[in-house]
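>>> everything below, folded, please.
(one chain, ligands or ions: 2)
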Amino acid sequence: MSYIIAENLFKEYGNGDSIVAAISNINFKIASGEFVGVMGESGAGKSTLLSIMGAMNSPTSGGYIVGDIDVYALSQEQQADFRREFLGFVFQSYHLVSYLTVLENVLLPLTTVKAGRKKKQAMAKEALASMGLDGKFHRLPNQISGGEKERVAIARAIVNDPPVLLADEPTGNLDTKTTHEVMELFQRINKEGMTIIMVTHSAECAEYTQRILRICDGRLLEEDKSVKKVSAQGFKKPPETKAA
Ligand SMILES: Nc1ncnc2c1ncn2[C@@H]1O[C@H](COP(=O)(O)OP(=O)(O)OP(=O)(O)O)[C@@H](O)[C@H]1O
Ligand SMILES: [Mg+2]
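Ligands and ions are numbered 1, 2, ... in the order given. Next up is the predicted model:
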């Protein structure tokens, strides 16, 4: 059953004379529990697509559904709730807060979670431990290696146990050994049920995924054959949308 549905997604940046069509007419479906790679040349539109999937960047037109939620029909506030509840993000540049410790960085997504301090600490420590980071809880980001930062970023992305993990070139700055370690972590998380969408330039990383969405000049090249073309007449909202 499809869990994520993208229908006729378009995104244009700019205005007037300088419009860039970053993605055009993208359609795909992703089942719950899939591990999907997104590949394509620099400038192809991969990060744009991922940011749309992350409820961080409204498409110019088209539909984006997760579960029974029509994401861009939600208010800004509901989108923020959706991000918190449904999504984990791993960015290429880690985005760790430099003046917070490793543990405090992983506690960040739990700020709005209704749970006691002890419970949150336990969740954060468990996520870090699952990334092999016991003993590094109280270091600052500049006191750990690049590969460790990456794993802190992953721990932070999964601490809330979101159903969907979005990762934009998560191993872009890592050596081969650490890259394989991170990919094995992703595979493990995926086997435990998390749906993962990962942008990558690396054929080695792509091998860990179950299928690839290949993007060229904003268009999807190798479309999942089961995706049926939807008409260009617009996108129907489901009868009910719910805020996460
Ligand atoms: N905020 C923006 N304003 C204007 N143009 C943008 C913006 N963000 C991206 N673009 C343009 O949209 C196109 C797609 O960019 P995007 O960042 O999605 O590519 P990408 O596939 O992630 O590339 P890379 O592999 O280099 O990260 C590019 O032509 C880019 O210049
Ligand atoms: Mg990018």
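
>>> what does the model give the residue positioned nearest the centre of the chain for pLDDT?
For the chain, the residue nearest the mean C-alpha position is L166 (1.2 Å; C-alpha atoms, centre = their mean). The pLDDT attached to L166 in the predicted structure is 97.

>>> tell me the SS of it?
Put simply, L166 is strand when judged by DSSP: H, G, I helix; E, B strand; the rest coil.

>>> pretty sure it is in contact with V90, am I right?
Yes. In terms of C-beta atoms under 8 Å, L166 counts as a neighbour of V90; the distance is 7.4 Å. Bear in mind the C-beta positions are built from the backbone N, C-alpha and C, glycine included.

>>> so for the lengthiest helix in the chain, mean pLDDT?
Looking across the chain with DSSP state H, the single longest helix is helix 176-191. For helix 176-191, mean pLDDT rounds to 90.

>>> with stretch 14-26 instead?
Averaging pLDDT along stretch 14-26 yields 90.

>>> for E41, give me its contacts.
With C-beta atoms under 8 Å, 6 or more residues apart in numbering as the criterion, the residues that contact E41 are C216.

>>> that one should be in a strand, yeah?
No. Under three-state DSSP, E41 sits outside any strand and is assigned coil.

>>> ok, now how distant is it from ligand 1?
Applying C-beta to the nearest ligand atom, to the nearest Å, the value for E41 to ligand 1 is 7 Å.

>>> begin at 35, not 1, for the rest of this chat.
New numbering, starting at 35: the last item is E75.

>>> would you agree F44 is in contact with I57?
Yes. Here F44 lies in contact with I57, judged by C-beta under 8 Å, at a distance of 6.5 Å.

>>> mind listing the shared neighbours of these two?
P93.

>>> these two: who's more crowded?
Under the criterion of other C-beta atoms under 10 Å, the comparison of F44 against I57 puts I57 first, with 24 against 16.

>>> which SSE is that one in?
If you go by DSSP states H and E, I57 is part of strand 54-65.

>>> may I see the buried residues of that strand?
55-64 (16 or more other C-beta atoms under 10 Å).

>>> remind me what it packs against, helices and strands.
On a contact count with 3 or more C-beta pairs under 8 Å, 6 or more residues apart in numbering; DSSP states H and E, strand 54-65 meets strand 36-47, helix 80-87, strand 229-233, strand 245-250, strand 253-254.

>>> if you set the cut-off to 6 Å instead, what comes out?
Strand 54-65 sits against strand 36-47, helix 80-87, with contacts defined as 3 or more C-beta pairs under 6 Å, 6 or more residues apart in numbering; DSSP states H and E.

>>> any part of that strand near ligand 1?
Yes. Applying C-beta under 6 Å from any ligand atom, one finds strand 54-65 touching ligand 1 at 54, 56.

>>> ok, stretch 115-129 next?
No. Using C-beta under 6 Å from any ligand atom, stretch 115-129 never reaches ligand 1; the gap is at least 8.0 Å.

>>> in that stretch, which residues are buried?
Within stretch 115-129, the residues that qualify as buried are 115-118, 120-126, 128, counting by 16+ other C-beta under 10 Å.

>>> low-confidence stretches in the chain?
35, 256-278 (pLDDT under 70).

>>> distance check, the residue lying farthest from the centre of it against ligand 1.
Centroid-distance maximum for the chain: D51 at 31.8 Å, with C-alpha atoms, centre = their mean. Taking C-beta to the nearest ligand atom as the measure, D51 falls 13 Å from ligand 1.
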